[in-house]
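Q: My questions concern the predicted model and sequence given below.
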Amino acid sequence: MSKIYMLHGFMGTSKTHFSNQLNFLEKENYEVILLDLPGHGSSEKVAVDDYFEDAVNWVITKIKEQGKGYIIGLSLGASIAVHIALREPNILSGIMLTGYSPFIPDELKSVMEKQYHHFLHIEQNDENVARHFKELHGDKWFDTLQKVLYSQTFHYPSLFETDLRDLKVPTLVLNGSNQQHEIDSVHYIKTHNSMVEVGLIPQAGHTANIDQPDIYNNMMSEFLRNN
């Protein structure tokens with residue numbers, strides 16, 4: 001039975017961000033392993049200042065302990081997945097990335113900084129979201145939020161042409177079609193590595209697996225069967 005490691009996005013958990021995929025994958029007889037990233041959900045590991053590097057190494061350790069498999073990653077989880085594929089290709093059967101951009105284009109950097117300040121004051125800006133974060137992650141939620149936000153806003157783990165050419169693990173990038181930078185990301189990745197399979201899911205945003213689960217699940221299933 002093939003293993004699939006699920007890596008969620010910012011301030012989510014693998015159970016909440018992949019709720020529309022779990023039953024589907026289990027019915028197809030995959031062993032689904034839900035990993036809550038450091039500082040998130042039920043993870044026993046707290047967030048540290050060098051968040052991204054620490055999270056990559058933590059996931060690598062988990063996979064080496066539990067065995068080779070696929071990673072399905074959303075947003076932050078997608079970034080972690082592709083960096084693992086570049087560093088430790090032999091522990092992976094393939095990766096599937098959603099809501100992924102290899103770098104932040106210049107025109108979006110100011111948007112990212114506005115988002116950074118919005119979330120830093122989320123208790124004032126949106127009490128319901130803050131309450132949801134606390135319910136999911138417990139008292140550590142704000143410490144995690146600060147560390148992940150800073151890492152992803154000011155030290156985004158960018159990949160460029162030479163990095164993408166080095167990607168040898170079977171890869172599917174499935175972004176939503178609603179946001180231009182995610183369309184551009186798919187084009188950029190395919191241009192610099194023709195072996196990567198790519199797709200755009202119509203009427204879907206950053207979380208395409210949540211917005212259009214049926215389309216996403218069918219494409220996911222096809223990729224897993226063929227790789």
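A: It's in. What you see is a predicted model, and the numbers here were worked out from it, not measured in a lab.
Q: Mind jotting down where the helices sit in this structure?
A: Applying DSSP state H to the chain gives helices spanning 14-17, 19-27, 51-66, 76-87, 106-120, 122-125, 127-137, 141-154, 161-165, 180-192, 208-211, 213-226.
Q: Throw the ones you listed into a markdown table and include distance to residue 100, thanks.
A: Where you see a C-beta, it was placed from the backbone N, CA and C, and this is true even at glycine. Formatted as a markdown table, the helices of the chain follow (distance: least, Cβ to Cβ, whole Å):
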| stretch | distance to residue 100 |
| --- | --- |
| helix 14-17 | 14 |
| helix 19-27 | 16 |
| helix 51-66 | 14 |
| helix 76-87 | 4 |
| helix 106-120 | 14 |
| helix 122-125 | 24 |
| helix 127-137 | 22 |
| helix 141-154 | 12 |
| helix 161-165 | 12 |
| helix 180-192 | 6 |
| helix 208-211 | 10 |
| helix 213-226 | 14 |
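Q: which one of those helices lies closest to residue 171?
A: Between residue 171 and those, the tightest spacing by Cβ to Cβ is seen for helix 76-87, at 6.9 Å.
Q: Residue 41 is nearest to which of the helices of the chain?
A: Minimum separation from residue 41 across these (Cβ to Cβ) falls at helix 127-137, 6.0 Å.
Q: which residues are in contact with that closest one?
A: The contact list for helix 127-137 (Cβ atoms under 8 Å, 6 or more residues apart in numbering) reads 11-13, 16, 39-41, 122-123, 141-142, 144-145.
Q: do stretch 192-205 as well
A: Stretch 192-205 has contacts (Cβ under 8 Å, 6+ apart) with 161, 164-165, 167-168, 170-179, 183, 186, 189-190, 208, 211-212, 215-216, 219, 223.
Q: how does it look with 6 Å?
A: With contact meaning Cβ atoms under 6 Å, 6 or more residues apart in numbering, stretch 192-205 is reached by 161, 164-165, 167, 171-178, 186, 189-190, 208, 211-212, 215, 219.
Q: Show me how to select, in PyMOL, the buried members of those residues.
A: The buried subset of these, as determined by 16 or more other Cβ atoms under 10 Å, is captured in PyMOL by this line:
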select buried, resi 164+167+171+172+173+174+175+176+177+178+186+189+190+208+211+212+215+219
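Q: Residue 176 contacts residue 208, doesn't it?
A: Yes: the criterion here is Cβ atoms under 6 Å, and residue 176 meets it with residue 208 at 3.9 Å.
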